[in-house]
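K.L.:
Here is my input; please provide its structure:
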Amino acid sequence: MLTSSSKGKICALVLLSVYILAGVTILSTVTNHQQGSTTRKHLVSGRARAFDFSPSIRESSRRRKVRWCQPLRFLNDNNRPTIALASFPGSGNTWLRYLIQQATGINTGSVYKDFGLLKNGFPGEYVVDTSVVVVKTHEKGPAAHRGFNKAVLLVRDPMQAIQAEFNRQGGGHIGFASPDRYRIKKGKYWEKFVHEQTMKWRDTNLDWTYNFTNPTLVLFYDQLITDLERNLRLLLKFIEVNVTESQLQCALERREGIYRRKKRMINVDPFTPQMKARIETTKREVYALIHDYIDNENNKNENEVTER
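P.N.:
Numbers count the residues shown, from 1 in each chain. So this is what the prediction gives:
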C-alpha cells in the first residue's frame, strides 16, 4: 500500500513528465515554423519553384527611397507584345529594369517574386503579361520562351557576372559576399561555383540568341556603361515605347539609382589563372556566336529595306 509520501513523489514525477513533453512540443512547433518561413513556393512557367527570402530581404528589409522621373503605372493594352528581359544572373537585369522604368514610367515585370524588389520600386514583380513593359527572366529553354513575342538579351562579361551573382547570393542585390565565403571547403565551393556558372552563362546566352525564334535585341552591359544614351534609345525603340527627350534625359541623369552594386576593392583576386583561362575561352566562343547572329540580323534588315 502506497504511503502519502510515495503518492506525492509519483504525482511530482507525472507533472514533471507533462512539462517536459509540453516543452518539446512547443520547441518543435517553433522550429518548424521558422524553417517553413524561409522558403515558399511560387509558379514559373507552370513549374513550382522555391523562393528564398534570405539574401535580398536582408538588404531590402527596409524601404529605400527611389526618386522616379514620373509616377509608375501599369499598361492597359492587350495588343502589345509580351517582351522578355533575359539574362544570366548578375548581368545587370535589375539595373536595366530600373532604367526602363525611369525612362518610360511603366512598370517592369518578372517571372520571380522577390519581395525585396517588390517593396523597393518594382510593383510588377511576378507579373508576366502586357501590363508591364518587359519581363525579367534568368530561365532558358522552350518553357522559358513560351508566351514571349520578343526578347531583350542582356549580356555581361562572364567573370564580372559570375562574381556579381556570387555577391548576390551572399550579400543581396547590392551587397557583397564575405571573404570567408570564397574559402568554404578550402575554396572547393567557389571553384565548383565558377565552373557551373560559366557553363550556365554560356547556355543561357546562346539559348536566347539562337533558340528563341522571335525578334531579339542583344545589349552588352559594358556598352550600356560606356554609351548609355545610344543603347537606351535602341532599347526603347525595340520595346515600342515612345518617350520625350526630357524623360530620357531624366533617366540618364538618374542612371545610378540604388540598384547597381558599387565597386569594391578586394585584396585577393578570387579567380585562379586556370579559372580565368577557361572563362576567357568560353567568352570568346560565345561572343563570336552572338556577333555572328547580330551580323546576320543586320544583313537581313538591310536586304528587307533594299527590297522595298
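
K.L.:
okay, CA-based contacts and neighbour counts for the rest of this
P.N.:
Noted.

K.L.:
quick one, strands of the stretch 51-200 of the chain?
P.N.:
83-87, 109-110, 135-137, 150-155 (DSSP state E, counting those that start in this stretch).

K.L.:
Low-confidence regions, this protein specifically.
P.N.:
For the chain, the stretches with pLDDT under 70 are 1-64, 170-187, 258-267, 305-308.

K.L.:
Show me what Arg73 is bridged to.
P.N.:
Following DSSP bridges, Arg73 is listed with bridge partners Ile106.

K.L.:
Please disregard the earlier target; I meant Val152.
P.N.:
Note on Val152: beta-bridge partners by DSSP bridges are Leu85, Leu217.

K.L.:
Can you report how many residues lie near it?
P.N.:
Val152: 23 surrounding residues under other CA atoms under 10 Å.

K.L.:
Likewise for Asn301?
P.N.:
When neighbours are counted by other CA under 10 Å, Asn301 registers 12.

K.L.:
cool, Phe122 as well?
P.N.:
Neighbours of Phe122 (other CA under 10 Å): 21.

K.L.:
again with the one 4 residues further on
P.N.:
Look at Tyr126: counted by other CA under 10 Å, it has 21 neighbours.

K.L.:
tally of neighbours for Tyr98?
P.N.:
With other CA under 10 Å as criterion, Tyr98 counts 26.

K.L.:
returning to that earlier point: how about the strands of the stretch 51-200 of the chain in TSV, adding distance to Thr94?
P.N.:
Shown next, in TSV, are the strands of the stretch 51-200 of the chain (distance: least, CA to CA, whole Å):
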stretch	distance to Thr94
strand 83-87	10
strand 109-110	10
strand 135-137	8
strand 150-155	11
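
K.L.:
so which of these gets nearest Gln101?
P.N.:
Closest to Gln101 of the strands of the stretch 51-200 of the chain, according to CA to CA: strand 109-110, at 10.5 Å.

K.L.:
Residues touching the closest one, excluding its own?
P.N.:
Here strand 109-110 makes contact (CA atoms under 8 Å, 6 or more residues apart in numbering) with 122-129, 132-137.

K.L.:
out of the residues you listed, which one sits closest to Met275?
P.N.:
Nearest member of the contacts of strand 109-110 to Met275, counting by CA to CA, is Thr137, at 26.7 Å.

K.L.:
now that closest one: how far from Gln197?
P.N.:
Distance from Thr137 to Gln197, counting by CA to CA, to the nearest Å: 16 Å.

K.L.:
what does Leu217 give?
P.N.:
23 Å.

K.L.:
Pull the contacting residues for the closest residue to Phe220 other than its chain neighbours.
P.N.:
Once flanking residues are discounted, Phe220 sits nearest to Val155: 4.8 Å by CA to CA, 6 or more residues apart in numbering. By CA under 8 Å, 6+ apart, the contact set of Val155 is Ser87, Phe88, Ser91, Asn205, Val218, Leu219, Phe220, Tyr221.

K.L.:
Recalculate using a threshold of 7 Å.
P.N.:
The contact partners of Val155, by CA atoms under 7 Å, 6 or more residues apart in numbering, come to Ser87, Ser91, Leu219, Phe220, Tyr221.

K.L.:
now, which of those lie within helices?
P.N.:
Tyr221 (DSSP state H).
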